[in-house]
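Chemist: what's the 3D shape of this:
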Amino acid sequence: MFEQLTILAPGLIGASVAMASKEKLLARRITVWSRRAETRVACSHQSWCDKVFEHPEQAVAGSDFIVVCSPVESIYPLVSKITGDLKKGAIVTDVGSTKSLICRFCSATISSGNTFIGSHPMAGSEKTGMAHARADLFLHKPCFVTPLVDSDVPALDKVVNFWKELEMEVVTVSPEKHDEIVANISHLPHILASILCSYLASKDHTWRSLAGTGLRDTTRIASGDPNLWKSIIEQNRDEIIRAINDFDEELHVMKTAIANDQYFEVINLLERGKKYRDRLRLSNDNSDNKE
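Modeler: Predicted structure coming up:
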């Protein structure tokens with residue numbers, strides 16, 4: 001698809017993009033930039049990396065397609081830094097978990113003749129870093145692509161096709177719709193898992209050794225990087241507050257039903273939850289999602 005693909009910040013997602021792109025022959029050359037010197041050294045020994053640069057401006061020079069994989073709070077500053085060094089016709093995308101602010105700021109900043117279109121591959125993990133990257137991370141996983149109303153259509157098609165070549169299930173929505181969706185299906189679950197663990201931390205610490213797989217399964221994602229999640233919550237604040245408010249209403253219904261011995265309502269809520277979870281599991285099984 002591209003003569004040169006550049007990955008900025010090759011952590012779990014960035015290195016996995018590079019691995020998968022190399023494996024599927026999507027680029028003739030793959031160049032990389034990392035802020036950390038030790039990561040640059042590690043990249044220089046990887047078969048999926050053709051060249052490593054000390055500065056992002058150097059890494060993007062001559063590149064057709066740039067994937068920005070840094071934390072959400074640094075995506076816009078990084079795009080601002082490289083925009084003057086992009087060759088004409090270059091396409092820039094990102095993998096950030098929020099989209100509205102990122103897409104509007106980056107699209108307004110990108111140099112004339114180039115295009116920014118946001119992406120969000122839903123293929124992360126509570127584990128971070130290049131050491132956990134793998135080429136099959138994206139197989140059959142969802143990926144949001146979030147153009148603005150006036151985004152360049154050929155560039156949009158290339159971004160969509162790129163993620164499809166990595167065998168992702170691509171959905172195209174506005175940045176605002178994306179933020180509403182992920183506030184409910186990604187950000188809220190992480191907050192709930194973290195708050196549950198925070199609540200249990202105030203209880204007898206010996207209880208941890210008595211927990212079964214249910215608690216571990218429910219709270220796995222709470223092991224995610226708190227600083228990374230702080231930035232996500234900050235950028236998607238309004239939608240997350242709305243999701244928390246809606247969830248709080250549902251929790252209140254359950255609390256009231258239990259308090260009033262209304263076990264018909266309790267069973268209704270439990271059955272509705274089971275039905276949703278069973279369909280979620282079926283969807284994952286059909287897509288060979290082993291994560």
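Chemist: mean confidence score for the host helix or strand of V52?
Modeler: Take DSSP states H and E as the rule and V52 turns out to sit in strand 51-53. Here strand 51-53 scores 97 as its mean pLDDT.
Chemist: and the residue nearest the centre of the chain, what is it in contact with?
Modeler: By Cα atoms, centre = their mean, the chain has its centre lying nearest to S97, at 4.3 Å. For S97, the contacting residues are 72, 120, 124, 182, 186-187, 232, 236, by Cβ atoms under 8 Å, 6 or more residues apart in numbering. Heads up, the C-betas are built off the backbone N, CA and C, glycines and all.
Chemist: just the ones of those in helices?
Modeler: Taking DSSP state H as the definition of helices, those contribute 72, 182, 232.
Chemist: so the last one touches K99, yeah?
Modeler: No. Applying Cβ atoms under 8 Å as the test, I232 and K99 come out as separate, 11.1 Å apart.
Chemist: neighbour-wise, which of those two wins?
Modeler: Between I232 and K99, counted using other Cβ atoms under 10 Å, the more crowded position is K99 (27 against 23).
Chemist: please report how far the residue nearest to that one when sequence neighbours are not counted lies from E239.
Modeler: Sequence neighbours aside, P175 is the residue nearest to K99 in space, at 3.9 Å (criterion: Cβ to Cβ, 6 or more residues apart in numbering). Counting by Cβ to Cβ, to the nearest Å, the gap from P175 to E239 is 11 Å.
Chemist: where does the stretch 101-250 of the chain have low pLDDT?
Modeler: Residues of the stretch 101-250 of the chain meeting the criterion pLDDT under 70: 126.
Chemist: can you do 80?
Modeler: 124-128 (pLDDT under 80).
Chemist: quick one: the helices in it, in order.
Modeler: Under the criterion DSSP state H, counting those that start in this stretch, helices of the stretch 101-250 of the chain are mapped to 153-165, 175-182, 188-201, 213-219, 226-235, 237-259.
Chemist: single out the most deeply packed of the ones you listed.
Modeler: Highest mean neighbour count among the helices of the stretch 101-250 of the chain (mean count of other Cβ atoms under 10 Å): helix 175-182, with a mean of 20.
Chemist: thinking again about what came up before, chain center to the strand holding V52, what's the gap?
Modeler: 24 Å (Cα atoms, centre = their mean, to the nearest Å).
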